[in-house]
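Novice: my questions concern the predicted model and sequence given below.
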Amino acid sequence: MADRPMFSVVIPFYNCERYIEAAVCSVTGQTFSDIEVILVDDASEDGSHGIAARLAADDRRVSLITLASNSGAAAARNEGIAHARGRYLMFLDADDVYEPGLMEYLGRVLDRRAPEVMVWGVVQEDYLPGEKVNVRRVVPVAKFCASEEELRKEILELERRELYGYLWNKAYLTDAFRGRGVTIPDQSFNEDEMANIMFFEHAGSALFIPKAFTRYRRKREGSLTHRYLGDYYEVAMKRVEGLLRQQARWKLYDEECRKVLAAMLLRYDLSALMRIADRRCSLSHYEKRKMVRHMRSGALGRELLPGASPDSRVLRLLAAWLQKGRIESCLLLGQAVWFVRTRMPGIYGRVAGV
């Protein structure tokens, strides 16, 4: 297409009137102007739609799509993908922002090479009680991968740095994204990770940029730890299994990979134990015990738990108790961490890495 912009940025939103304008302006205010912004209103009930409509009317690069009913973030993103015209496809959540200079930097890169995907770092802001904010900057190691084999060897390090799963720290070659049939799956969380597992399965080139260009605002009241998700454990296991299978298909599943995945599995196990301590959980004590037994004897537990030695003392304790079959101790550990999380969030915020 002759009028094809360089970048399409998809921003889905639902009831984000406090944040949507800052997100959009962080894109339209970039010094590189060859862009389009696709706003997808997932049937908002607050003033978000009016703000988005005004932004679209004021800037011809901004378009607004309105879904007839609230369908979830995955459906909204997929709708935006279907309308994207840009050479590269990007994503941004409505309560996050891009840092200045991102588009110009990417544009300069594309003057020299055209990787299938570009990956950059994030500035993570954790909002704690008392208006305190913990800021953590995470970036990938600078590297250009020119082949599938070279790129696949870097994925585990991306995962270790918590940069693999996000959609909003990457620019994907749109034709490659669509050509592989990548869609955002409809699930309660981790949909970004599953989409990336699909995209990177056959990705042939990538550029890792050692700069933090996405500001990720993780608000405690909206975090996964605060939300009650009845299918949390099942969805979390899909992520670990997807990564394990991908590494195995690539013939890269070794002891180091096993260590990384074991630590991830234990973090999810502990998080699941916290959630079943929530009074909103409808599981009986028998069902909770059954879940803990599965953590130990399920396929992932049998594969990853033996010899697991995560850096965290809490996770090492959990690993030992799971392997010894101390089910009640595991349940009590989940209750204790949940108590700290809900009653002493300031303390939890300082040790959230458990």
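Specialist: The structure has been received and is ready for your questions.
Novice: for the rest of this, base every contact and every neighbour count on C-alpha atoms.
Specialist: Will do.
Novice: all strands for the stretch 101-250 of the chain, in order.
Specialist: Listed in chain order, the strands of the stretch 101-250 of the chain (DSSP state E, counting those that start in this stretch) span 117-128, 132-138, 143-145, 170-173, 206-219.
Novice: give me the helices and strands touching the shortest one, please.
Specialist: Meaning strand 143-145. Packing partners of strand 143-145 (3 or more C-alpha pairs under 8 Å, 6 or more residues apart in numbering; DSSP states H and E): strand 206-219.
Novice: what's the answer for the fourth one, then?
Specialist: Taking 3+ C-alpha pairs under 8 Å, 6+ apart as contact, the helices and strands that strand 170-173 lies on are strand 88-91, strand 117-128.
Novice: let me know which of these is tucked in deepest.
Specialist: When the helices and strands packed on strand 170-173 are scored by mean count of other C-alpha atoms under 10 Å, the highest mean neighbour count falls to strand 88-91 (a mean of 23).
Novice: let me see the contact set for the spatially closest residue to Ser48 that is not a sequence neighbour.
Specialist: Closest residue in space to Ser48, ignoring its immediate chain neighbours: Glu17 at 4.3 Å, by C-alpha to C-alpha, 6 or more residues apart in numbering. Contacts for Glu17 were tallied using C-alpha atoms under 8 Å, 6 or more residues apart in numbering; they are Asp46, Gly47, Ser48, Ile51.
Novice: can you check Glu159 too?
Specialist: For Glu159, the contact set (C-alpha under 8 Å, 6+ apart) comprises Gly165.
Novice: again with Cys145
Specialist: Leu151, Gly204, Ser205, Ala206, Leu207.
Novice: try 7 Å this time
Specialist: The neighbourhood of Cys145, defined by C-alpha atoms under 7 Å, 6 or more residues apart in numbering, consists of Leu151, Ser205, Ala206, Leu207.
Novice: ok so, going back, quick one: closest of the helices and strands packed on strand 170-173 to Leu243.
Specialist: Across these, Leu243 has its closest neighbour in strand 117-128 (18.3 Å, C-alpha to C-alpha).
Novice: quick one, that closest one and strand 206-219 angle?
Specialist: 20 degrees (axes from the mean of the first three to the mean of the last three C-alpha atoms, to 10 degrees).
Novice: neighbouring strands of strand 117-128 in the sheet, and parallel or not?
Specialist: Strand pairing for strand 117-128, determined by DSSP bridges: strand 132-138 (antiparallel), strand 170-173 (antiparallel), strand 206-219 (parallel).
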